[in-house]
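1. Here is a sequence together with a model predicted from it:
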Amino acid sequence: MSVTAQVFPFRPWVRRAGLSIVLVAAAATMTITWIGEKAVWIYVATLWIGGLKVWLGTLRPIAEVSDERIVLRPLHNLRTRAVAWADVSGTEQSGDRLMVFHDTARGMRFVALNLNLVKGRRELLALIDARLRAMGFEERTVDRSRYLSR
């Protein structure tokens with residue numbers, strides 16, 4: 001990333017939510033071990049996996065914007081998405097969701113981001129808007145959705 005990269009962390013409550021899920025999973029594990037009920041292990045394993053994914057996922061920023069690319073780390077995806085600005089084909093903002101459409105060798109794909117999780121969401125959206133408008137993207141609105149495209 002370039003020196004001018006701006007980092008947008010997760011809001012603090014997201015990390016606390018992930019940690020609370022991990023603590024509930026730990027308590028459930030101890031309870032089930034003590035009781036000996038084996039049928040509930042799938043539920044407890046799901047709690048562990050989900051809680052750890054959220055908690056550990058928040059240790060890195062949810063978004064990074066630099067001169068070369070935008071990096072997005074939505075919690076619902078396993079992979080980080082780094083998209084070069086030249087590959088961005090448009091965005092859609094509808095309520096608290098931002099979708100960034102980008103071109104790949106396999107065709108157009110998108111990354112969806114829950115804006116409620118972003119600390120500094122207004123600044124993030126302003127940076128993305130400014131960059132795309134400088135690249136010649138134009139805004140249009142359809143119902144409650146806002147689009148930036150060429």
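-> The structure has been received and is ready for your questions.
2. which residue is nearest the middle of the protein?
-> Geometric centre of the chain, nearest residue: Pro74, 2.0 Å, by C-alpha atoms, centre = their mean.
3. Not counting its neighbours along the chain, what's nearest that one?
-> Nearest residue to Pro74, sequence neighbours excluded (C-beta to C-beta, 6 or more residues apart in numbering): Leu113, at 5.3 Å. C-betas here are computed from N, CA, C, even on glycine.
4. what's the burial count for Leu59?
-> Residue crowding around Leu59 was assessed by other C-beta atoms under 10 Å; the count is 10.
5. how about Thr4, secondary structure?
-> coil (DSSP: H, G, I helix; E, B strand; the rest coil).
6. tell me the contacts of it?
-> For Thr4, the contacting residues are 66-67, by C-beta atoms under 8 Å, 6 or more residues apart in numbering.
7. who's in contact with Gly90?
-> Shown in contact with Gly90 (C-beta under 8 Å, 6+ apart): 101, 137, 147-150.
8. Listing partners with orientation, what would you give for the one helix or strand His102 maps to?
-> Using DSSP states H and E, His102 sits within strand 97-104. If you go by DSSP bridges, strand 97-104 pairs up with strand 88-94 (antiparallel), strand 107-114 (antiparallel).
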